[in-house]
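Visitor: From the sequence below, what's the structure:
(one chain, ligands or ions: 1)
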Amino acid sequence: MQTKIYTNYETLSAAVAQIMFDTIQQKPNAVICLASGHTPLLPCQLFVQKANDEHLHISETTFIGLDEWVAVPPENEGSCHYFLYNTIFNPLILQAGQIHVFNSMAEDLNAECETMDAVIEHNGGIDLMIVGIGMNGHIGFNEPGVAFNNLSHVIELDKTTIEVGQKYFPAATTLSRGITIGLQHLMNAKQVLLIANGEKKASIIKKTIEEEVSNQIPATIMQTHSNGMIMIDAAAASQLSKNYLYEV
Ligand code: PGA
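Guide: Okay, the predicted model is just below:
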């Protein structure tokens, strides 16, 4: 795992967008797994702008949504579906067959998980996975205590996730379970970027990079990924013991 520090959210986002662009340019039929949330917003916007400006050949690329709140409908602004479609899938004008997201309204959520696992396998695995980090160290909805070898699964949400998650919703929303790509998929992905910005992430980023690998802080699994990169801004890096060189 590498750690890269950028002066601010803008330069960090531009670097993430460039990696997305390069991945698809080098492999047009790449499989890209994307998180929703506040952190990936600017990276996704910059990627869309660059892909459209430079006419990136994107019609063979497969996009996968990392996770979803169970029982939150796609038209709800706080859903991951809403974020991904509005921020990236619709502006890129993708075909429906290129997009795979969990239907968290489905009656049979285990079948949703099996379908997602099959999609990933059928398409030759995830080439690039871009994830954020929760205040409790979660990745997607891989909450503290999760098994590292899980594929897609449904999970009871951690108290912190339920509280912090309210920030995405226009009104107070009942959140209890999540459906998510598992950490075995992350370990199998050819490249993983964990991105974080802002002072509020400084403490969990320090733990993720400097503490022992443990499922109590799921993001520590990044330490064991041979092609994993933690990309953060100066504020999120402010509690790290070691001094890192700034990228830009
Ligand atoms: P955020 O979410 O990007 O909105 O901070 C991160 C996460 O919980 O994964």
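
Visitor: I'd like to know which residues of this structure are adjacent to the ligand.
Guide: 35, 37-39, 132-134 (Cβ under 6 Å from any ligand atom). C-beta: built from backbone N, CA, C; applies to glycine.

Visitor: Are any of those buried, and if so which?
Guide: Among the residues of the chain next to the ligand, those buried by neighbour count (16 or more other Cβ atoms under 10 Å) are 35, 37, 39, 132-134.

Visitor: And the strands in the protein?
Guide: 2-6, 31-34, 62-65, 67-69, 99-100, 128-131, 153-156, 177-180, 191-196, 228-233 (DSSP state E).

Visitor: Include mean pLDDT and mean neighbour count when you put the ones you listed into JSON lines, please.
Guide: Listed next are the strands of the chain as JSON lines, based on pLDDT from 0 to 100; neighbours: other Cβ atoms under 10 Å:
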{"stretch": "strand 2-6", "mean pLDDT": "96", "mean neighbour count": "18"}
{"stretch": "strand 31-34", "mean pLDDT": "98", "mean neighbour count": "24"}
{"stretch": "strand 62-65", "mean pLDDT": "98", "mean neighbour count": "22"}
{"stretch": "strand 67-69", "mean pLDDT": "98", "mean neighbour count": "26"}
{"stretch": "strand 99-100", "mean pLDDT": "98", "mean neighbour count": "18"}
{"stretch": "strand 128-131", "mean pLDDT": "99", "mean neighbour count": "25"}
{"stretch": "strand 153-156", "mean pLDDT": "98", "mean neighbour count": "18"}
{"stretch": "strand 177-180", "mean pLDDT": "98", "mean neighbour count": "24"}
{"stretch": "strand 191-196", "mean pLDDT": "98", "mean neighbour count": "24"}
{"stretch": "strand 228-233", "mean pLDDT": "98", "mean neighbour count": "23"}
